[in-house]
Structures are given as structure tokens and as C-alpha cells.
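Visitor: Structure for the following, please:
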Amino acid sequence: MNGTERDERGRYLKGVSGNPAGRPRGSKNRPVLSPSQWVTKHWKRAYSEALITHGNAEAALFELAALYAQHHPLTTPPGLCPACHRPLKLTSTSLYDCAVIAAPAVLTHARCEPIFTQGRLVEAASALRKILELAG
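Guide: Modelled structure (predicted):
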């Protein structure tokens with residue numbers, strides 16, 4: 001690229017590209033998929049990138065497990081805690097019903113949330129190990 005391809009204000013001249021080897025004319029955008037639509041190749045690519053970022057297989061797996069759990073919600077009946085299957089009541093003074101916490105994509109009792117979240121991550125990591133064909 002030489003200096004004659006820009007005007008006096010530094011803008012490119014009409015018909016001149018700043019990236020001559022750029023995107024071909026007529027090429028289509030790739031669709032953006034949410035993690036709930038990902039198939040094996042997408043999870044493997046994300047795992048490879050997370051492995052580079054973290055440098056640790058377990059950290060990479062649990063980062064993806066959190067994403068997997070968030071985009072693959074449980075099918076718990078409305079109004080029930082997914083951990084203990086007791087009703088979620090905002091007005092009760094019971095130890096189980098003292099507070100309702102928004103865990104990733106669900107509502108749980110405050111007392112159930114830590115156990116539920118840990119169990120959910122372990123389940124998601126197990127599902128990802130199968131998808132990624134990792135030894136468990």
C-alpha cells in the first residue's frame with residue numbers, strides 16, 4: 001500500500017480498499033448459533049479455545065460446563081425447587097423457603113442453591129465429557 005491511496009484527511013479514496021485481500025463479493029454471513037444449538041464440532045472448538053485460555057483441562061471443561069448448564073435448562077415443574085422438589089413460597093418462614101435464589105436459569109431455595117449449582121455443574125461436565133469424548 002502506498003500513500004496515494006488516501007486523501008489529504010487520511011481517508012481511503014473511492015474504490016480503494018484498506019483490505020484488498022478481504023471478504024469476497026457475494027459471500028454470505030455465517031449464522032450465529034446459541035450454545036443450545038451447538039453440535040459436537042462447536043463444543044470441541046470452544047473447548048480448544050478454553051484450553052488455550054486456561055492452560056488447564058479441568059478449568060476449560062468447567063467453564064464450558066457453566067455455559068452448557070445455562071443453555072440446557074432443567075425441566076422442573078413451575079413453582080418447585082429443582083434440588084429438593086418442595087414448593088417455592090415467598091411468604092413462608094421455613095428454613096427451606098426463607099429465600100428464593102436465581103441460580104443459572106432456575107429458581108431455588110437459598111438453602112438448596114449451593115448444592116444444586118455444584119451438582120448441576122458436575123452433570124453438565126459429565127455430559128460435555130461424553131460430547132468431547134474425554135476420559136472421565
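
Visitor: rest of the way, CA atoms for contacts and neighbours
Guide: Noted.

Visitor: List the residue ranges of the chain that fall below the pLDDT cut-off.
Guide: 1-4, 90-105, 136 (pLDDT under 70).

Visitor: just the helices in it please.
Guide: 40-54, 57-71, 113-132 (DSSP state H).

Visitor: Which residues does the first one contact?
Guide: With contact meaning CA atoms under 8 Å, 6 or more residues apart in numbering, helix 40-54 is reached by 57, 59-61, 63-64, 131-132.

Visitor: quick one: buried residues of that helix?
Guide: Within helix 40-54, the residues that count as buried by 16 or more other CA atoms under 10 Å are 43-44, 46-47, 50-51.

Visitor: swap in the last one?
Guide: Neighbour-count burial for helix 113-132, with 16+ other CA under 10 Å as criterion, is recorded at 113, 116-117, 120-122, 124-126, 128, 132.

Visitor: The second one now?
Guide: Of the residues in helix 57-71, 60-70 count as buried by neighbour count, 16+ other CA under 10 Å.

Visitor: Including distance to residue 27, could the contacts of helix 40-54 go into a markdown table?
Guide: Conversion of the contacts of helix 40-54 to a markdown table gives the following (distance: CA to CA, whole Å):
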| residue | distance to residue 27 |
| --- | --- |
| 57 | 36 |
| 59 | 37 |
| 60 | 33 |
| 61 | 34 |
| 63 | 33 |
| 64 | 31 |
| 131 | 31 |
| 132 | 31 |
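
Visitor: mind listing what the residue nearest to the spatial centre of the chain touches?
Guide: Among the residues of the chain, the one closest to the centroid is residue 67, at 3.1 Å (CA atoms, centre = their mean). Residue 67 makes contact with residue 35, according to CA under 8 Å, 6+ apart.

Visitor: One more: the one 10 residues further on?
Guide: Contacts here follow CA under 8 Å, 6+ apart; on that basis residue 77 touches nothing.
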